[in-house]
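Student: Sequence and predicted structure below; questions after.
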Amino acid sequence: MNLELVGWILALLMSQWKLNQLLVFRINQKNEKRRMDVAGSVTLAILAAVSVVLWTRNREVLEQQQILSSYWMYSFEAVYILLPLTVVVSHARLWIPARYSELERLEHEIIESNVKVPFCSLKVAGLGTVHVPCTAPTTGEPKIPLVLLHGYAAGNALWACNLEKLASHYDVYAVEWLGTGRSDRPPFSSYEWEYVNDLMLKALENWRKELKIDKFDLGGHSMGAMFATSYTVKYPGRVQHLLLISPAGVGHPPAPKELPLGLRIFRSVWSLRLTPMSVARYAGPLGPRLVHFITSVRVSVMPETSCIRRGLIPLEALASYWYNNWALERSGEIVMHSHLLPGVYAKRPLCEMLTPENIQIPVTFLYGGGPDWMSSSHGKKVAETLDGVKVVLVPGAGHQLFMDNAPAFNEVVLAALARAI
């Protein structure tokens, strides 16, 4: 195979890749009922024409040099033609049975079955929000609100077993990140940490401004703890107490070393910037079954005390909620690649933010006392260098400690905020 042919093939693959990217962008705009500008339409047409010309040239060179048999020639041609068609079909709304209205319904159903006090589901400054007003009698100055940020691939419904108890002492707001759950799902034009982090923090700050909240206690689970910490550092004076719930990305990644083949393959797949949500979308009409299977496996390793194993959040409802959350338009899920390295290590470790220069408020780390894959040792190291830090273990719980042992988690949170720990 000569260099000319290699050059033509690379040019063909690059044009095909850009064509597929633009097709996805165009389809997402149509799904969101937005019009593509003239420049975008012209670019799409030019890319399609260039792809046809490049394929014709490749075919001529391959035939002249008799490198491929007719069988392989036609097979390659079929794949080349079918790939953009597959992209179109896999991103079309008819192919993906996820619906925003269904996500909204399932969230309300899950929360309503567990929260027996008044609550409201709303959208504030583009962020999906569940508000449970404080049910305690008002005596003296009202307590500041408690704001909860979910983890990756999650949403407000997963706090269902915590909201009512926490609302017995606080005004509680569960808030979804930009680009997830019921929140707006804008396209992200970059995977750069600064760009994505800035969008996430500005969205939360706009949410605060719209509700006219001056100060609040802020809790974040897993990756939500990363955004909670960044927000606290960027907007000092807004957060009164920081709750880091089984936080991701606290410690530094391990030193580089020679990796086994399996991990090298994993890193290669990671570099493609796929996410669990991508799989749910590409599965098309089989997506709900796939997510149900994943949910069943995940729940099977949860402790018996889990609110799912106890039936407080039905497995069917949770699986359907997760599917409709994951398979809607790609947006905020990209934080997996903007903020994390392979192995779920942070590009900007929280231990570098949680310093005396940045943090002058109480910080409570909460970890599962059972098999929590976020090690409490990272929180304990921060406590050695930062005053006002407590590390608490929730007995019998893992990474999803707020669901694994909801009663104990609720009591620990209330005690931490009351400075009783």
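Tutor: Cool, the structure landed.

Student: Let me know the secondary structure of C161.
Tutor: Judged by DSSP: H, G, I helix; E, B strand; the rest coil, the three-state class of C161 is coil.

Student: pLDDT at it, what is it?
Tutor: Confidence at C161, expressed as pLDDT, is 98.

Student: what do you get for M223?
Tutor: pLDDT at M223 comes out at 97.

Student: wouldn't it be in contact with I334 here?
Tutor: No - checked against CB atoms under 8 Å, the pair M223 and I334 is beyond contact range at 11.8 Å. Placement of C-beta: from N, CA and C, glycine included.

Student: More neighbours: these two, which one.
Tutor: M223 (24 against 18; other CB atoms under 10 Å).

Student: So for the more buried one, what's the nearest residue that isn't a sequence neighbour?
Tutor: Nearest non-adjacent residue to M223, counting by CB to CB, 6 or more residues apart in numbering: Y152, 4.4 Å away.

Student: burial of the closest residue to Y170 other than its chain neighbours, as a residue count?
Tutor: Once flanking residues are discounted, Y170 sits nearest to L146: 4.2 Å by CB to CB, 6+ apart. By the measure other CB under 10 Å, the count of residues near L146 is 26.

Student: So what pairs up with L146 in the strands?
Tutor: L146 has these beta-bridge partners by DSSP bridges: V172, D217.

Student: thought G343 was touching P253?
Tutor: Yes - assessed by CB under 8 Å, G343 is found in contact with P253 at 6.8 Å.

Student: and those two? which has more neighbours close in?
Tutor: Counted by other CB under 10 Å, G343 and P253 do not tie: P253 has more neighbours, with 15 against 12.

Student: How much space separates the more buried one from F365?
Tutor: Computed as CB to CB, to the nearest Å, the P253 to F365 distance reads 19 Å.

Student: circling back: make sure the residue nearest to M223 is indeed in a helix.
Tutor: No - judged by three-state DSSP, Y152 forms no part of a helix; its state is coil.

Student: Tell me who's in contact with it.
Tutor: S222, M223, G224, A248, E333, V335, M336 (CB atoms under 8 Å, 6 or more residues apart in numbering).

Student: Spatially, which residue comes closest to the last one, not counting chain neighbours?
Tutor: Nearest residue to M336, sequence neighbours excluded (CB to CB, 6+ apart): T275, at 5.4 Å.

Student: Isn't that neighbour up against E333?
Tutor: Yes - at 4.6 Å, T275 and E333 qualify as touching, with contact defined as CB under 8 Å.

Student: Give me the more crowded residue out of the two.
Tutor: E333 (24 against 18).

Student: which SS state does that one fall under?
Tutor: Assignment for E333 (three-state DSSP): helix.

Student: correct me, but it touches L178?
Tutor: No - counting by CB under 8 Å, E333 sits too far from L178 to count as a contact (11.2 Å).

Student: number of nearby residues for L211?
Tutor: 16.

Student: Need the pLDDT of it.
Tutor: Reading off the confidence values, L211 has pLDDT 98.

Student: and it, what is it in contact with?
Tutor: V124, Y173.

Student: From V301, how far out is it?
Tutor: To V301, L211 is 38 Å away according to CB to CB.

Student: cool, and S189?
Tutor: Plainly put, S189 is 38 Å away from V301 if you go by CB to CB.

Student: What of G379?
Tutor: Distance of G379 to V301, given as CB to CB: 23 Å.

Student: which SS state does L366 fall under?
Tutor: Counting by three-state DSSP, the backbone at L366 sits in strand.

Student: How about it, nearest residue that isn't a chain neighbour?
Tutor: Nearest residue to L366 in three dimensions, chain neighbours excluded: I245, at 4.9 Å (CB to CB, 6+ apart).

Student: hmm, back to that, looking at the contacts of Y152, which is nearest I308?
Tutor: Relative to I308, the closest of those is S222; by CB to CB it sits at 17.0 Å.

Student: name the element T295 belongs to?
Tutor: helix 287-300 (DSSP states H and E).

Student: Which residues outside that helix are in contact with it?
Tutor: Contact partners of helix 287-300, identified using CB under 8 Å, 6+ apart, comprise 96-98, 276, 279-281, 283, 306, 308-309, 315-316, 318-320, 322-323, 326-327.

Student: Put the buried members of those residues into a ChimeraX selection.
Tutor: Command for ChimeraX that selects the buried part of those, burial taken from 16 or more other CB atoms under 10 Å:
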select :96,98,280,281,283,306,308,309,318,319,320,322,323,326,327
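
Student: Check which helices and strands the helix or strand hosting V382 sits against.
Tutor: Element membership for V382, per DSSP H and E: helix 376-385. For helix 376-385, the helices and strands in contact under the criterion 3 or more CB pairs under 8 Å, 6 or more residues apart in numbering; DSSP states H and E are strand 363-368, strand 389-394.
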